[in-house]
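After the sequence you'll find the predicted model.
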Amino acid sequence: IACGILMRMNRVAVIRPQLAKEKIEGCHICTLVTPGEPQVFLGKDKAFTFDYVFDIESQQEDIYLQCIEKLIEGCFEGYNATVFAYGQTGAGKTYTMGTGFDVNIMEEEQGIIPRAVKHLYKCIEEKKHAAIQQGLPPPEFKVNAQFLELYNEEVLDLFDSTRDIDSKNKKSNIKIHEDSSGGIYTVGVTTRTVNAESEMMQCLKLGALSRTTASTQMNVQSSRSHAIFTIHLCQTRVCPPFDADNVTDNRIIMESSQLNEFETLTAKFHFVDLAGSERLKRTGATGERAKEGISINCGLLALGNVISALGDKSKKVTHVPYRDSKLTRLLQDSLGGNSQTVMIACVSPSDRDFMETLNTLKYANRARNIKNKVMVNQDRASQQINALRSEITRLQLELMEYKTGKRIIDEEGVESINDMFHENAMLQTENNNLRVRIKAMQETIDALRARITQLASDQANQVLARAGNPPWKQQRTGTFSAIENSTWDGCVWPSRAPFSLAKCCRRPSYLEMEVGSPFSLAECSCHHRQP
């Protein structure tokens, strides 16, 4: 259990549609996506490859089903997950993630978080129902939610109803810690227990309305902070049966399945909406807005340095600068740690945003080599129980091999595998090979029989076709040829039984027997022409 699975970070490119303002101002589309190919072409000579690409015609549902759905299902097996959206301001990150709250939004326009919440509670009900159908105790679930924002390098609690949202001096006592296994957790954050989908959506609404936003020249409602919405899932269930594919003894399987042992799995899912990268010249920000923009860019720069350090294959990096920013510290186990991570690069298709789009695609391209070490999050008791179950199963199999004679111990006390089992394995392999050969030969025989039947049918058809020009009017030189000036009526065979044309038609071999070989015109004479 301690050894994890290396999984590569998935990179997704999402190109938003052009805005009405961009169309009015005559902006042209500078991006191109080849249908069926996960590539984004920018300008004339730049191409970037991703795991998934969604063009301006793509729907929110497409993004969720292809990239996020499997992560929610993985949470029920104890795997952490992270989805974060990156891109310039106004590129559609908040819309894609669904961290913004809009009462008028239609269901098909819902972002990733609302869809994930709905999917989460649907899976909970399905797993409870499946356990009852199998006659097992239903699993118990506990779902908690946290909502943080990182504003000017200060971690703020969006669920904290006591803080002053409009205060310029935003401070908090939230601390970031790391546990013994490398997991990151926070102290001093409000955690809400959520029992239903509607309650979770209320939590999302509360946090979204508390988030810091402001208007700039590039975005009417620009996020001025990085937001992290986290769902914690704790599940207590009956231990699933071990993999029985490698066990041939049914008694071992029955003994293990009769024990209703329980395990506790935990998982956390980070939904990260990063503030947009900004150029002060384009945003026109001054004063407090300029300070916010600088802080945003510093956090994104630190994130880019971490991504570069983790994804650089040319050299072995001994130090990853997670502590350069609180943003990278909060996302430490999502970048190179214990998490299945999806990075969504949101870009604008308009040519006036060409440089910002290029920088975003380059930024995401650096993450192509990042690999995370994904592990199942189990409580220590469950880990020990699973380890002991595996050991018991191994010993039972070994004992069974001794009883059946597969394993033997020689005079020197050395354990080995019986030679008879080696020979048996070889014979089984040879038997399988012979079965394959027999099958191939049988197919060949069937094909030849079909060919023979076809040839016989063709020969019979030829005899029937020559019925108006009978064989004894022809001279045979290997086959019959036409014989002129002969008549069919009254033609008889000397010293032979009467000739049956019907029998010849049914059996071509009978024709050969009747005609004989060689055959000449002298063998046939016409007598007693009928009137």
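Thanks, I have the structure now.

give the contact list for the nearest residue in space to K291 that is not next to it in sequence.
Leaving aside its chain neighbours, K291 sits nearest to N152 (6.9 Å; criterion: C-beta to C-beta, 6 or more residues apart in numbering). C-betas here are computed from N, CA, C, even on glycine. N152 sits next to 170, 225, 291-292, 295 when contact means C-beta atoms under 8 Å, 6 or more residues apart in numbering.

I'd like to know which of these is nearest to Y185.
The nearest member of the contacts of N152 to Y185, counting by C-beta to C-beta, is S225 at 20.5 Å.

wait, doesn't the closest one sit right on E149?
Yes: if you go by C-beta atoms under 8 Å, S225 and E149 touch, sitting 4.2 Å apart.

Show me whatever sits in contact with both of those two.
Here S225 and E149 have 156, 211-212 as joint contacts, going by C-beta under 8 Å, 6+ apart.

And these, which is closest to V83?
The closest of the shared contacts of S225 and E149, once distances to V83 are taken by C-beta to C-beta, is R211, at 17.5 Å.

Identify the residues contacting that closest one.
Contacts for R211 (C-beta under 8 Å, 6+ apart) come out as 99, 149, 158, 223, 225, 227.

Repeat that for I124.
141, 143.

Could you number the chain from 59 rather than 1 from now on?
Done: numbering now begins at 59, and the last item shifts to I182.

E127 versus that one, what's the distance?
15 Å (C-beta to C-beta, to the nearest Å).

again, but for D218
32 Å.

for A139, same thing?
11 Å.

More neighbours: which of those two?
A139 (24 against 13; other C-beta atoms under 10 Å).

got the phi/psi numbers for the nearest residue in space to the more buried one that is not next to it in sequence?
Leaving aside its chain neighbours, A139 sits nearest to L129 (4.0 Å; criterion: C-beta to C-beta, 6+ apart). Torsion angles at L129 (phi, psi; degrees, to the nearest 10) stand at phi -70, psi -40.

wait, doesn't I87 sit right on R410?
No: between I87 and R410 no contact is recorded; they are 11.1 Å apart, counting by C-beta under 8 Å.

What ranges in the stretch 59-208 of the chain fall below the confidence cut-off?
Under the criterion pLDDT under 70, the flagged ranges of the stretch 59-208 of the chain are 59-61, 159-161.

ranges for the strands of it?
Using DSSP state E, counting those that start in this stretch, the strands of the stretch 59-208 of the chain run over 63-66, 68-73, 89-91, 97-100, 104-107, 110-112, 139-145, 198-209.

Now do the fifth one: everything it contacts.
If I follow you right, that is strand 104-107. With C-beta under 8 Å, 6+ apart, strand 104-107 has contacts from 71, 96-100, 416, 419-420, 422-423.

Widest-spaced pair of the residues you listed?
Greatest spatial distance among these (C-beta to C-beta): P96 and L416, at 18.0 Å.

The stretch 409-558 of the chain: strands as residue ranges?
Under DSSP E, counting those that start in this stretch, the stretch 409-558 of the chain gives strands at 429-432, 465-467, 473-475, 532-535, 537-540, 549-550.

can you give me the mean pLDDT across the fourth one?
To tie it back to what came earlier, the one meant is strand 532-535. Averaged across strand 532-535, the pLDDT comes to 47.

try the first one
Strand 429-432 shows an average pLDDT of 90 in the prediction.

Next: the third one.
Across strand 473-475, pLDDT averages out at 61.

Closest to A333 out of the contacts of strand 104-107?
Once C-beta to C-beta is applied, the member of the contacts of strand 104-107 that ends up nearest A333 is A422, at 16.3 Å.

Run a quick neighbour tally on that closest one.
24.

Sketch out the low-pLDDT regions of the stretch 209-358 of the chain for me.
Using pLDDT under 70, the stretch 209-358 of the chain drops low at 222-228, 271-280, 299-318, 336-345.

any idea where the strands of it begin and end?
Under DSSP E, counting those that start in this stretch, the stretch 209-358 of the chain gives strands at 212-215, 233-236, 242-245, 250-251, 271-272, 280-281, 284-296, 320-331.

Partner strands of the first one, with direction?
Using DSSP bridges, the strands paired with strand 212-215 in its sheet are strand 198-209 (antiparallel).

Specify the angle between the strand it pairs with and strand 320-331 in degrees.
30 degrees (axes from the mean of the first three to the mean of the last three C-alpha atoms, to 10 degrees).

Could you tell me the angle between strand 198-209 and strand 284-296?
Using the same axes, to 10 degrees: strand 198-209 against strand 284-296 is 170 degrees.

can you pull the buried residues of strand 198-209?
Applying a neighbour-count criterion of 16 or more other C-beta atoms under 10 Å, one finds 199, 201, 203-209 buried in strand 198-209.

Many thanks, I have nothing further to ask.
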